[in-house]
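Colleague: need a structure here:
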Amino acid sequence: MSENYLISINPATEKELGRIIAGDRRTIDETVERARHAQKMWASLTIRERQAQFIKLMDLILEEQQEIAELIAGEQGKPVTEAMASEVIAVLGILKDISRHAHRVLRPHKMVHEQILFAHKKSDYRLEPYGIIAVISPWNYPFSVPVPEIAAALVAGNSVVFKPAPDAVLIGRKTQELFDRAGFPENVVQTLFIYDADAPHLTHHPGIDKIIFTGSTPVGRDVMCEASHQMTSVVLELGGKDPAIVAADADVSRAARGIVWGALFNAGQVCASVERVYVEKTIAEKFIDLCLQHIKKVVPGDPLDPATQIGPLSTLDQLIKVQDQIKDAIRRGATLLYGGNRLDRSGYFMEPTLLANVDHSMPIMTEETFGPVLPIMVADSLDQAIELANDSIYGLSAYGWTRSRKTAQRLVRELQAGTVMINDSTSSWGEPNAPWGGYKMSGIGRTRARFGLEEMVQVKYASFDSGKTTGNLWWYPYNQQSSKFMYNAAKLLYSRNLFTKLGSCVRILGTQSLLSRIPLFSFIRNLHKLF
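Modeller: All right, here's what the predicted structure looks like:
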């Protein structure tokens, strides 16, 4: 019997790095069943006990940081320096935060009753695990996307079924090894190596309680549709067409340098990379000239060389897509200032590309590119730049460049995106307290920070009544006296007129048969809430 394999290709050499046997739908069923049994034991541990496991995981990653970074560089293609900064260090920061602070978010929270009639009750909010969470991750950040999501799901008491991208299976295997060696219980984390064609069986599976998906918007729609059959909750971190606005008062030199980096790092294969720029016309010529100077210095090279600035694109399909968008823009009137070509060497290398005279009739300004391309459009004013920036189906990240605090506040207020950064690009990825997610077609929900932890739990309201009264006021029997009590209670609780409140209070005191149902001590102790 022949076996199907997921084959890993080095994008810098186009040679095979390794292969892993692909599972099938039966594999998915068996994996989910094991996860169900493992989750019950894992959830029975305290949050602190679960947190302790992540310290061991951090130690392992730190010990093997170079090996991990080089594996990412070899299989995905980003320079090893970027692999360290945006993958390894970013993950370590989040694991440290989870190990120290997750219990503050996830522990039960005491609730203070606003309703004075319920003031005798003792209530709290409890955050309980969903059960089994499927984490489906992309190829562009094969370590720093899934590991924080897996960690957040686990610390909340869930078990995880992890599906890495088929183009990043070796990094997926390494991730599984790290969790296993860190001492996480068997089957609490399981990695599924399957073809994308079998993924709908996972997203439609009745045994999955929540799905965390990172990928393109079209695939995200499919995931949402599949999940809807089982009413499975989803978090979708999808595409972006992230704008940068360069205001007339910006530090043009800093803006050009930051935007070129923001467009080209990881060969532009970043959902939050700078994919379109709007520069006010008074500084446009100088800004474009500086961008050209900087982009010429970004020479593609071997991602394993520490001096390399930009590596290859991760797949041949992605390279072809980017080239097609560039050719289309030029046909529609864009000016190619630099680059645009595939390099004549092994690997999926492409020249960094600078385009001017672009507009919104071109897909390169409206559709996600995911490549090392910087298209710049001149805006007549800041008003027009903001309008153009918001003229998109996406809303993941947006960037503004200005020296003015007032302009910065306006950009933060008016730009429609889940993240807005001033005078920087995409560095929020490395901040554990920064949530990740977008507006519009860029997704649903958030990952990372406390918002990401809250996505991993269901909220349970728990209320305890001492039961010391003969019965509660709202119980049977209903009669004329109980109706009058409720009318007076409404006035007592919510009237803004002091005399009306006092009159209602007197009339309530006259309903002797109902007073026995009021815990008087708690009521008196909370009288301040009436005023």
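Colleague: C-alpha only now, for contacts and for neighbours.
Modeller: Will do.
Colleague: kindly state the beta-bridge partners for residue 397.
Modeller: For residue 397, the beta-bridge partners are residue 419 (DSSP bridges).
Colleague: residues contacting it?
Modeller: When contacts are counted by C-alpha atoms under 8 Å, 6 or more residues apart in numbering, residue 397 touches 240, 242, 243, 272, 417, 418, 419, 420, 421, 426, 438.
Colleague: okay, now the third one: neighbour count?
Modeller: Per other C-alpha atoms under 10 Å, the neighbour tally for residue 243 reads 30.
Colleague: next one: residue 385
Modeller: Neighbours around residue 385, by other C-alpha under 10 Å: 23.
Colleague: now do it, the pLDDT please.
Modeller: At residue 385, the pLDDT value in this model is 98.
Colleague: surely it is in a helix?
Modeller: Yes: under the criterion used here (DSSP: H, G, I helix; E, B strand; the rest coil), residue 385 sits inside a helix.
Colleague: ok, it touching residue 243?
Modeller: No: contact criterion C-alpha atoms under 8 Å: residue 385 and residue 243 do not qualify, at 9.5 Å.
Colleague: between those two, what contacts are shared?
Modeller: residue 278.
Colleague: which residues in the stretch 351-500 of the chain form strands?
Modeller: 353-356, 373-379, 394-395, 397-401, 419-422, 439-440, 443-444, 457-464 (DSSP state E, counting those that start in this stretch).
Colleague: among those strands, which comes closest to residue 27?
Modeller: strand 457-464 (26.4 Å; C-alpha to C-alpha).
Colleague: could you export the strands of the stretch 351-500 of the chain as a markdown table, including mean pLDDT and distance to residue 185?
Modeller: Below are the strands of the stretch 351-500 of the chain laid out as a markdown table (pLDDT from 0 to 100; distance: least, C-alpha to C-alpha, whole Å):
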| stretch | mean pLDDT | distance to residue 185 |
| --- | --- | --- |
| strand 353-356 | 98 | 48 |
| strand 373-379 | 98 | 45 |
| strand 394-395 | 98 | 39 |
| strand 397-401 | 98 | 37 |
| strand 419-422 | 98 | 36 |
| strand 439-440 | 98 | 37 |
| strand 443-444 | 96 | 31 |
| strand 457-464 | 96 | 20 |
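Colleague: please convert these to a markdown table, extending it with distance to residue 73.
Modeller: Shown next, in a markdown table, are these (distance: least, C-alpha to C-alpha, whole Å):
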| stretch | distance to residue 73 |
| --- | --- |
| strand 353-356 | 22 |
| strand 373-379 | 21 |
| strand 394-395 | 29 |
| strand 397-401 | 25 |
| strand 419-422 | 27 |
| strand 439-440 | 31 |
| strand 443-444 | 28 |
| strand 457-464 | 34 |
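Colleague: list the buried residues in the lengthiest helix in the chain.
Modeller: The longest helix of the chain (DSSP state H) is helix 25-43. Neighbour counts using 16 or more other C-alpha atoms under 10 Å place 28, 29, 31, 32, 34, 35, 36, 38, 39, 42, 43 of helix 25-43 among the buried residues.
Colleague: cool, stretch 295-305 as well?
Modeller: By 16+ other C-alpha under 10 Å, the buried positions in stretch 295-305 come out as 295, 298, 300, 301, 302, 303, 304.
Colleague: what's the answer for stretch 187-199, then?
Modeller: For stretch 187-199, by 16+ other C-alpha under 10 Å, it's 187, 188, 189, 190, 191, 192, 193, 194, 195, 199.
Colleague: of those residues, which belong to strands?
Modeller: 189, 190, 191 (DSSP state E).
Colleague: from residue 26, how far off is the first one?
Modeller: It refers to residue 189. When distance is defined by C-alpha to C-alpha, to the nearest Å, residue 189 is 18 Å away from residue 26.
Colleague: can you check residue 412 too?
Modeller: Distance, residue 412 to residue 26, by C-alpha to C-alpha: 49 Å.
Colleague: likewise for residue 6?
Modeller: Per C-alpha to C-alpha, residue 6 is found 17 Å from residue 26.
Colleague: what residue spans form the domains of this structure?
Modeller: Here the domain parsing of the chain from automatic domain parsing is 13-238+450-460, 243-430, 469-530.
Colleague: for residue 444, which of these is the nearest?
Modeller: Nearest of these (C-alpha to C-alpha): domain 13-238+450-460, 5.0 Å.
Colleague: ends of the closest one, how far apart?
Modeller: Domain 13-238+450-460: ends 53 Å apart by C-alpha to C-alpha.
Colleague: swap in stretch 395-409?
Modeller: 18 Å.
Colleague: for the stretch 51-200 of the chain, what spans make up the helices?
Modeller: Using DSSP state H, counting those that start in this stretch, the helices of the stretch 51-200 of the chain run over 65-75, 80-82, 90-106, 146-155, 169-181, 199-203.
Colleague: give me the helices and strands touching the helix or strand following the last one, please.
Modeller: In the C-terminal direction, the helix or strand that comes right after helix 199-203 (DSSP states H and E) is strand 210-214. Of the remaining helices and strands, those touching strand 210-214 by 3 or more C-alpha pairs under 8 Å, 6 or more residues apart in numbering; DSSP states H and E are strand 132-136, helix 217-228, strand 233-237.
Colleague: among these, show me which one is buried the most.
Modeller: Comparing the helices and strands packed on strand 210-214 by mean neighbour count (mean count of other C-alpha atoms under 10 Å), strand 132-136 ranks first with a mean of 26.
Colleague: who does that one pair up with?
Modeller: strand 159-163 (parallel), strand 210-214 (parallel).
Colleague: just say which of those strands is most tucked in.
Modeller: Counting by mean count of other C-alpha under 10 Å, the most buried of those turns out to be strand 159-163, with a mean of 27.
Colleague: the inter-axis angle of that strand versus helix 146-155?
Modeller: Using axes from the mean of the first three to the mean of the last three C-alpha atoms, to 10 degrees, one finds that strand 159-163 and helix 146-155 are set 160 degrees apart in direction.
Colleague: ok, residues contacting strand 159-163?
Modeller: Against strand 159-163 from outside (C-alpha under 8 Å, 6+ apart): 31-32, 35-36, 38-39, 42, 131-137, 146, 150, 153-154, 172, 187-194.
Colleague: now it and helix 169-181, what's the angle there?
Modeller: 160 degrees.
Colleague: please name whichever of the contacts of residue 397 scores lowest on pLDDT.
Modeller: Lowest pLDDT among those: residue 426, 89.
Colleague: contacting residues around the residue nearest to that residue when sequence neighbours are not counted?
Modeller: The shortest distance from residue 426 to any non-neighbouring residue, by C-alpha to C-alpha, 6 or more residues apart in numbering, is to residue 272 (6.4 Å). Residue 272 is in contact with 240, 241, 242, 396, 397, 426, counting by C-alpha under 8 Å, 6+ apart.
Colleague: want to throw those residues into TSV with distance to residue 525?
Modeller: TSV is the format used below for those (distance: C-alpha to C-alpha, whole Å):
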residue	distance to residue 525
240	53
241	56
242	54
396	48
397	49
426	51
